[in-house]
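Enquirer: sequence and predicted structure are below.
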Amino acid sequence: MTDRLTLIRPDDWHLHLRDGEVLEHVVPATARQMGRAIVMPNLKPPVTHLEQALAYRERILAAVPQGISFDPLMTLYLTDNTTADMIAAAGASPHVKAVKLYPAGATTNSDSGLTDLGRLDDICAALTEADMPLLVHGEVTDQHVDIFDREKQFLDEILTPLAARHPHMKLVVEHITTRDAAEFVLAHGDKVGATITPQHLAYNRNHMLVGGIRPHLFCLPILKRNTHQQALQDAVVSGSHKFFLGTDSAPHAKGAKENACGCAGCYSAYAAIELYAEIFEDLGVLDKLEAFASFNGADFYGLPRNTEQITLVRQDWQAPLEMPFGQDVIVPLRAGETLRWKLAV
Ligand SMILES: NC(=O)N[C@@H](CC(=O)O)C(=O)O
Ligand SMILES: [Zn+2]
Ligand SMILES: [Zn+2]
């Protein structure tokens with residue numbers, strides 16, 4: 001049995017860091033593990049312009065502990081007012097790497113998202129020109145569509161035709177949750193990839209709902225039935241280079257989660273690589289962790305792979321019950337449970 005695992009430093013290709021005083025708590029958690037992270041733009045107000053993205057990046061860098069090198073890769077939030085010129089300007093910056101599509105109302109802070117998906121073609125043409133990927137929260141928002149069907153319907157109605165019309169655009173289906181999404185990614189060429197979160201690999205909706213409702217497992221897209229979880233596990237077991245690490249670590253204060261109308265999002269950044277290591281080991285594919293965590297995403301984005309290494313050691317430790325989050329506290333994924341791998345410092 002392996003007791004030490006050395007890998008090239010991983011990257012997180014889907015991360016929420018929020019803003020303001022909480023940065024001092026969430027940025028170090030990621031920076032000590034990851035070389036880079038694709039930072040989501042769903043702040044209030046959203047990050048829609050290059051200048052905002054660069055200013056946000058400076059605030060993040062100010063929270064990186066001394067002696068650690070961490071490169072936040074920024075994204076622009078696509079709104080009804082995004083223009084091809086804004087995308088070209090962002091594409092010319094070394095610090096902005098993608099544009100994020102939130103259908104209006106689909107998830108946390110998505111009110112400013114695109115209402116008219118008909119505008120997407122111009123946007124996609126500009127992205128193709130800039131060789132920047134479109135990152136997608138892939139759920140329809142129609143009130144009459146069941147929450148468990150929203151990802152599949154988005155793939156069928158929006159993404160399949162969009163990918164066909166823009167075959168040269170890079171497209172990342174973020175935080176995939178269904179067999180349909182895994183199949184969609186595999187059915188397309190190398191321009192289409194997907195991020196997979198630890199929670200969607202480790203859990204299905206029974207974990208969230210049987211025996212009591214567990215608000216800290218509530219995220220969007222919502223956990224699906226176990227056959228979908230299995231399909232995501234099969235995707236990583238296959239070793240396909242089209243799937244890569246994206247935690248979707250999305251911190252919300254404890255009170256906002258343990259609430260009559262709780263927020264969506266799981267906080268996993270504090271132990272991201274450890275959580276994935278445990279899952280990959282349980283699936284019998286620890287040898288496939290490094291490509292998933294450290295190679296596939298960089299290759300997809302056309303960025304150099306990291307060269308530093310990190311080491312994980314087999315060591316039981318207890319995940320904290322709560323962690324500081326500005327003036328507040330946050331309950332992390334797996335709070336109070338024993339984790340099996342630990343990042344060596
Ligand atoms: N995943 C979530 O449940 N929440 C994310 C938003 C998102 O990634 O959809 C958040 O910002 O809180
Ligand atoms: Zn999302
Ligand atoms: Zn997210």
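Expert: That came in fine, so what should we check first? Ligands and ions are numbered 1, 2, ... in the order given.
Enquirer: do you know how far the one residue in the chain that gets nearest to ligand 2 is from residue 2?
Expert: When scored by CB to the ion, the chain has residue 137 as its residue closest to ligand 2, at 3.5 Å. From N, CA and C alone the C-beta is placed, and that goes for glycine too. Distance from residue 137 to residue 2, counting by CB to CB, to the nearest Å: 36 Å.
Enquirer: can you pick out the residue with more neighbours from these two?
Expert: Neighbour comparison, residue 137 and residue 2: the larger count goes to residue 137, with 25 against 9 (by other CB atoms under 10 Å).
Enquirer: verify the stated contact: that one with residue 105.
Expert: No. Using CB atoms under 8 Å, residue 137 is not in contact with residue 105; the gap is 10.7 Å.
Enquirer: and residue 268, what pLDDT?
Expert: With respect to pLDDT, residue 268 has a value of 99.
Enquirer: alpha carbons of the biggest strand by length in the chain, as CSV, please.
Expert: Ranked by number of residues, the top strand in the chain under DSSP state E is strand 309-318. Only the C-alpha atoms of strand 309-318 are listed here, as CSV (Å, rounded to 0.1, in the frame of the first residue of the first chain):
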residue,chain,number,x,y,z
GLN,A,309,5.7,18.9,-6.7
ILE,A,310,3.6,18.3,-3.7
THR,A,311,3.5,15.2,-1.4
LEU,A,312,0.6,13.6,0.3
VAL,A,313,1.1,11.3,3.2
ARG,A,314,-1.2,8.6,4.5
GLN,A,315,-2.2,10.0,7.8
ASP,A,316,-5.6,10.1,9.6
TRP,A,317,-6.7,13.6,10.6
GLN,A,318,-10.0,15.1,11.6
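Enquirer: buried stuff in it?
Expert: Neighbour-count burial for strand 309-318, with 16 or more other CB atoms under 10 Å as criterion, is recorded at 310, 312.
Enquirer: just the residues contacting it, thanks.
Expert: The set of residues external to strand 309-318 that reach it, using CB atoms under 8 Å, 6 or more residues apart in numbering, is 1-10, 33, 273-274, 277, 336-344.
Enquirer: which parts of the chain sit against ligand 2?
Expert: 107, 137 (CB under 5 Å from the ion).
Enquirer: so which residues of the chain form helices?
Expert: For the chain, applying DSSP state H gives helices covering 23-31, 50-62, 84-92, 120-130, 150-154, 160-165, 179-187, 198-202, 205-209, 226-238, 254-257, 272-282, 289-290, 296-301.
Enquirer: got the residues of the protein near ligand 1?
Expert: Residues of the chain that fall close to ligand 1, judged by CB under 6 Å from any ligand atom: 16, 42, 107-109, 137, 219-220, 248, 250, 264-265.
Enquirer: give me the buried subset of those.
Expert: Buried members of the residues of the chain next to ligand 1, scored by 16+ other CB under 10 Å, are 16, 42, 107-109, 137, 219-220, 248, 250, 265.
Enquirer: including pLDDT, could the residues you listed go into CSV?
Expert: Listed next are these as CSV, based on pLDDT from 0 to 100:
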residue, pLDDT
16, 98
42, 97
107, 83
108, 81
109, 82
137, 97
219, 98
220, 98
248, 98
250, 98
265, 98
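Enquirer: could I get those residues as JSON lines with distance to residue 91?
Expert: JSON lines is the format used below for these (distance: CB to CB, whole Å):
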{"residue": "16", "distance to residue 91": "23"}
{"residue": "42", "distance to residue 91": "20"}
{"residue": "107", "distance to residue 91": "25"}
{"residue": "108", "distance to residue 91": "26"}
{"residue": "109", "distance to residue 91": "24"}
{"residue": "137", "distance to residue 91": "21"}
{"residue": "219", "distance to residue 91": "30"}
{"residue": "220", "distance to residue 91": "28"}
{"residue": "248", "distance to residue 91": "24"}
{"residue": "250", "distance to residue 91": "26"}
{"residue": "265", "distance to residue 91": "29"}
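Enquirer: which one of those sits closest to residue 283?
Expert: residue 248 (19.4 Å; CB to CB).
Enquirer: hmm, residue 16 and the closest one touching each other?
Expert: Yes. Taking contacts as CB under 8 Å, residue 248 lies within contact range of residue 16: 7.3 Å.
Enquirer: what is in contact with the two at once?
Expert: The contact sets of residue 248 and residue 16 overlap at residue 265 (CB under 8 Å, 6+ apart).
Enquirer: follow-up on the earlier one: closest to residue 38 out of the helices of the chain?
Expert: Closest to residue 38 of the helices of the chain is helix 296-301 (CB to CB; 8.2 Å).
Enquirer: so what does that closest one touch, helix or strand wise?
Expert: strand 192-196, strand 243-245 (3 or more CB pairs under 8 Å, 6 or more residues apart in numbering; DSSP states H and E).
Enquirer: want to throw these into JSON lines with mean neighbour count?
Expert: Listed next are the helices and strands packed on helix 296-301 as JSON lines, based on neighbours: other CB atoms under 10 Å:
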{"stretch": "strand 192-196", "mean neighbour count": "26"}
{"stretch": "strand 243-245", "mean neighbour count": "27"}
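Enquirer: dump these to CSV, plus distance to residue 207 and mean pLDDT.
Expert: Listed next are the helices and strands packed on helix 296-301 as CSV, based on distance: least, CB to CB, whole Å; pLDDT from 0 to 100:
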stretch, distance to residue 207, mean pLDDT
strand 192-196, 16, 99
strand 243-245, 21, 99
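Enquirer: fine by me, we can end here.
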